[in-house]
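Trainee: how would this look folded up:
(chains A and B)
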Amino acid sequence: MQDLLNIADKKISNRLFIGTGKFPNKPTIKDVLESTNIEVVTVALRRVDLTSKGDNILDYIPKNCLIMPNTSGARNAEEAVRIARLAQAAGLGSWIKIEVINDNKYLLPDNLETLKATEILANEGFMVLPYMNPDLALAKRLVKAGAKAIMPFGSPIGSNRGLKTEELVKIMVSEINLPIIVDAGLGKPSDASRCMELGCSAVLVNTAIATANDPINMAKAFSLAVKAGRLSFLNGTSIETEYAKASSPLTGFLRDDN
Amino acid sequence: MSFYFSYQKYKNFDFDNFFTNTALGDVKNSIYSEKLDIRKFLTLLSPEAGKSLEKMAQKAKRLTVKNFGKIILLYTPMYLANFCINECLYCGFNTTTQIKRRKLELNEVEKEAKFIAKEGLRHILILTGESRVLSPVSYIKDCIKILRKYFSSITIEIYPLTSKEYENLIQEGVDGLTIYQEVYDENIYRKLHLSGPKANYRLRLDAPERAAEAGIRTITVGALLGLNAWRKEAFFTGLHAQYLRDKYPDTEISISIPRIRPNTQDFSPPYNTDAKNLVQIITAIRLFLPRVGITLSTRESADLRDSLITLGITKISAGSTTAVGGHTTRDIQDKKTVQFEISDQRDVAQIKKMLLSKGYQPVLKDWVGNLRGNF
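Mentor: Numbers count the residues shown, from 1 in each chain, chains lettered A, B, ... in the order given. Just a heads-up that it's a prediction; the model follows:
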């Protein structure tokens, strides 16, 4: 049976999502998306120029890819909502990754404004995927507000630090009845694998692939890592233990008639 | 609070003594620290650090690619007017200088806008001299109404405004402010700005803060290199950017590093800043403020720009002119109407080609237009 991820009305088989912001040129974006059969890609509306001939990023995204515009640059809910509406008006569909950041030092999202934007946009019929600071209570509110998936960060955007939020993400995977997609901060394929082993539904990667010496090969590495992690999760990833497990049990001498 | 108080704290700092006592160990420690405080930043501006430029450059490049990606944003300046009532000794628009003065008629603004937009650029920087009578805020507002049809991002580089005026322009579609303090040293500032509103040091120094309070999205600050010893000016520029970043975290802060260029003024810069110094400034700023943008204009030669972009630059101008209406009248431009001579004459297509050949994506659009407007 095929292992598909359901988000809103879509069934997705490739659980590696790609961000497009930092690539050295647009043809490389296309090569990466095609060579790893990426199905979901996020594009900042601020970078989309529909009037440009030859410089429109959308021309480099294969037709079978689902474009999830994001609200990069929004500093509050109102700006995120306006960017989302502009994206829809520009013909980019109804999926939207909400990104509200008003902290240029660490690029950490503002959860309260994210929630406000999610409430408004979900109500307008958008498929909202909010990027957030992994906080269980807030995630529950996002679910209630109508989000279609929750996207906690692994570590700050572009930091390549990996899954520093592991404990919080684990809790979200166990408590939130929506796909959990780790977005931002994953620096190595093994980070992505770890997310998938924990039961995350997908990961979104940009910096680590786009700024690699060879983005195509790095995308392949991430793709394999995501698949490996997923397979491991489906097989019941072994639980880590603190001590070595003796192969001859110490209490083996006990019998029912003792 | 104002940045002025931060400036005052270091105004009488003994820079020479600090630099004399900076050893190689201090430099290494500063380069390899994950987070740099002000002291470490100043260490990287020392003559001793000048011997470790390659190490600084390697780290600067790595940090820039990590934070901004392999991309460079392109923009071009559009001079709307060159009327000016300021007497600044180094500037081609100095009120006492006999140059042809004019401002663009609105139909000319549209003509220039169409010309620039045709090249694919979506980020525009509009400039004027200082004349609230001949190029008033109302005129700039009328220009913005035209420009927002063609551009996704409009930055102003005009005379300092009040917070209310900044708010009005933001409402019309302005999202960025560029304002150089020119020289942070208050005493030198006084000697170079003889008359006119620009002689008011504080009015200019606090302008970025007034714009940030009005809700502007991006701010670029800088010192005009050549008016004072570059190590001190680079230090105060970094300090200013850090102050703004920390106080207004939702505003994107950038630093520009303009070196003074020849113009109609008979002014020889009292201080030299050579290419090596420029590299030290760019890399020291990048290590100190990893997420702050760094802008490089066409004041620099094509060769030097091509080399500098990989060290930490995030934004460059292309197809520049410093003449009023200069984009559509490039062929018939009189050297005497420009603010200063530009050095890199390449057009947008040539700059794009150069960036791609160096492994950088030229980005022509990086904003969504007006999000505040009531139209």
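
Trainee: from here on, contacts and neighbour counts on C-alpha atoms
Mentor: Fine.

Trainee: mind checking pLDDT for the closest residue to A:Pro27 other than its chain neighbours?
Mentor: Counting by C-alpha to C-alpha, 6 or more residues apart in numbering or on different chains, A:Pro27 lies nearest to A:Tyr60, which is 6.4 Å off, once chain neighbours are set aside. pLDDT, A:Tyr60: 92.

Trainee: next up, the contacts around A:Tyr60.
Mentor: A:Lys26, A:Pro27, A:Ile29, A:Lys30 (C-alpha atoms under 8 Å, 6 or more residues apart in numbering or on different chains).

Trainee: ok, of the residues you listed, which one's closest to chain B?
Mentor: Chain B lies nearest to A:Lys26 out of the contacts of A:Tyr60, by C-alpha to the nearest C-alpha, at 7.4 Å.

Trainee: was I right about that closest one contacting B:Pro362?
Mentor: No: counting by C-alpha atoms under 8 Å, A:Lys26 sits too far from B:Pro362 to count as a contact (9.6 Å).

Trainee: ok, the two, which is more surrounded?
Mentor: B:Pro362 (24 against 21; other C-alpha atoms under 10 Å in any protein chain shown).

Trainee: tell me the mean pLDDT for stretch A:220-238?
Mentor: 91.

Trainee: and if you look at stretch B:355-375?
Mentor: 83.

Trainee: where does the prediction get shaky in chain B?
Mentor: Within chain B, the segments meeting pLDDT under 70 span B:262-265, B:330-340, B:372-375.

Trainee: starting at the chain centroid, how far to the longest helix along it?
Mentor: Counting residues, the longest helix found in chain B (DSSP state H) is helix B:230-247. From the chain centre to the centre of helix B:230-247 is a distance of 13 Å (C-alpha atoms, centre = their mean, to the nearest Å).

Trainee: report the buried residues of it.
Mentor: B:230-245 (16 or more other C-alpha atoms under 10 Å in any protein chain shown).

Trainee: out of those residues, which is nearest to chain A?
Mentor: B:Arg245 (7.2 Å).

Trainee: helices and strands around the longest helix of chain B, which ones?
Mentor: Using 3 or more C-alpha pairs under 8 Å, 6 or more residues apart in numbering or on different chains; DSSP states H and E, the elements in contact with helix B:230-247 are helix B:3-11, helix B:38-44, strand B:218-222, strand B:252-256, helix B:275-288.

Trainee: got a list of contacts for that helix?
Mentor: Against helix B:230-247 from outside (C-alpha under 8 Å, 6+ apart): A:104-105, B:3, B:7, B:15, B:38, B:41-42, B:45-46, B:183-185, B:209, B:221-223, B:225, B:251-255, B:271-273, B:277, B:281, B:285, B:288-289, B:292.

Trainee: of those, buried ones?
Mentor: For these, buried by 16+ other C-alpha under 10 Å: A:104-105, B:3, B:7, B:41-42, B:45-46, B:183-185, B:209, B:221-223, B:225, B:251-255, B:272-273, B:277, B:281, B:285, B:288-289, B:292.

Trainee: that older thread, any idea how far the residue nearest to A:Pro27 lies from chain B?
Mentor: As for A:Tyr60, its distance to chain B is 14 Å (criterion: C-alpha to the nearest C-alpha, to the nearest Å).

Trainee: could you pull up phi and psi at that residue?
Mentor: When quoted as degrees, to the nearest 10, the phi and psi of A:Tyr60 stand at phi -100, psi 10.

Trainee: mind checking how far it is from A:Lys26?
Mentor: A:Tyr60 sits 6 Å away from A:Lys26, taking C-alpha to C-alpha, to the nearest Å as the criterion.

Trainee: residues contacting B:Asp157?
Mentor: To be clear, residue B:157 is Glu; Asp isn't right here. Neighbour list for B:Glu157: B:Leu125, B:Ile126, B:Leu127, B:Thr128, B:Leu177, B:Thr178, B:Ile179 [criterion: C-alpha under 8 Å, 6+ apart].

Trainee: who does it form a beta bridge with?
Mentor: Beta-bridge pairing for B:Glu157 (DSSP bridges): B:Leu127.

Trainee: residues in contact with the top helix by length along chain A?
Mentor: Assignment by DSSP H gives helix A:215-234 as the longest helix of chain A. The contact list for helix A:215-234 (C-alpha under 8 Å, 6+ apart) reads A:15-16, A:28, A:31-32, A:35-36, A:188-190, A:192-199, A:202-203, A:208-209, A:212.

Trainee: send the alpha carbons of that helix over as CSV?
Mentor: Output in CSV follows, covering the C-alpha atoms of helix A:215-234 (Å, rounded to 0.1, in the frame of the first residue of the first chain):
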residue,chain,number,x,y,z
PRO,A,215,22.4,21.4,-4.7
ILE,A,216,21.1,18.5,-6.9
ASN,A,217,23.2,15.9,-5.1
MET,A,218,22.3,17.5,-1.7
ALA,A,219,18.6,17.3,-2.6
LYS,A,220,19.1,13.6,-3.4
ALA,A,221,20.8,13.1,-0.1
PHE,A,222,17.9,14.8,1.8
SER,A,223,15.4,12.8,-0.3
LEU,A,224,17.0,9.5,0.6
ALA,A,225,17.2,10.6,4.3
VAL,A,226,13.6,11.5,4.4
LYS,A,227,12.6,8.1,2.9
ALA,A,228,14.9,6.2,5.3
GLY,A,229,13.5,8.1,8.3
ARG,A,230,9.9,7.5,7.2
LEU,A,231,10.5,3.8,6.6
SER,A,232,12.1,3.5,10.0
PHE,A,233,9.1,5.2,11.6
LEU,A,234,6.6,3.0,9.8
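
Trainee: and B:Ser6, how many neighbours?
Mentor: 14.

Trainee: with adjacent residues omitted, what lies nearest to A:Ala87?
Mentor: A:Leu45 (6.3 Å).

Trainee: residue 111: neighbouring residues, count only.
Mentor: Defaulting to chain A. Residues near A:Asn111, counting by other C-alpha under 10 Å: 23.

Trainee: oops, chain B please
Mentor: 16.

Trainee: what's the distance between it and B:Leu134?
Mentor: Counting by C-alpha to C-alpha, the gap from B:Lys111 to B:Leu134 is 21 Å.

Trainee: what parts of the stretch 251-375 of chain B come near chain A?
Mentor: Residues of the stretch 251-375 of chain B lying close to chain A (C-alpha under 8 Å from any C-alpha of the partner chain) are B:251-252, B:291, B:356, B:359-363, B:365-368, B:371.

Trainee: mind putting the residues you listed into JSON lines with secondary structure?
Mentor: Converted to JSON lines, these look like this (DSSP: H, G, I helix; E, B strand; the rest coil):
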{"residue": "B:Thr251", "secondary structure": "coil"}
{"residue": "B:Glu252", "secondary structure": "strand"}
{"residue": "B:Arg291", "secondary structure": "coil"}
{"residue": "B:Leu356", "secondary structure": "helix"}
{"residue": "B:Gly359", "secondary structure": "coil"}
{"residue": "B:Tyr360", "secondary structure": "coil"}
{"residue": "B:Gln361", "secondary structure": "strand"}
{"residue": "B:Pro362", "secondary structure": "strand"}
{"residue": "B:Val363", "secondary structure": "strand"}
{"residue": "B:Lys365", "secondary structure": "coil"}
{"residue": "B:Asp366", "secondary structure": "coil"}
{"residue": "B:Trp367", "secondary structure": "coil"}
{"residue": "B:Val368", "secondary structure": "coil"}
{"residue": "B:Leu371", "secondary structure": "coil"}
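
Trainee: PyMOL command for the buried members of those residues?
Mentor: Per 16+ other C-alpha under 10 Å, the buried members of these correspond to this PyMOL selection:
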select buried, chain B and resi 251+252+291+356+360+361+362+363+365+366+367+368+371
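
Trainee: assumed A:Val128 was part of a strand.
Mentor: Yes: with three-state DSSP as the criterion, A:Val128 is part of a strand.

Trainee: alright, I will stop here.
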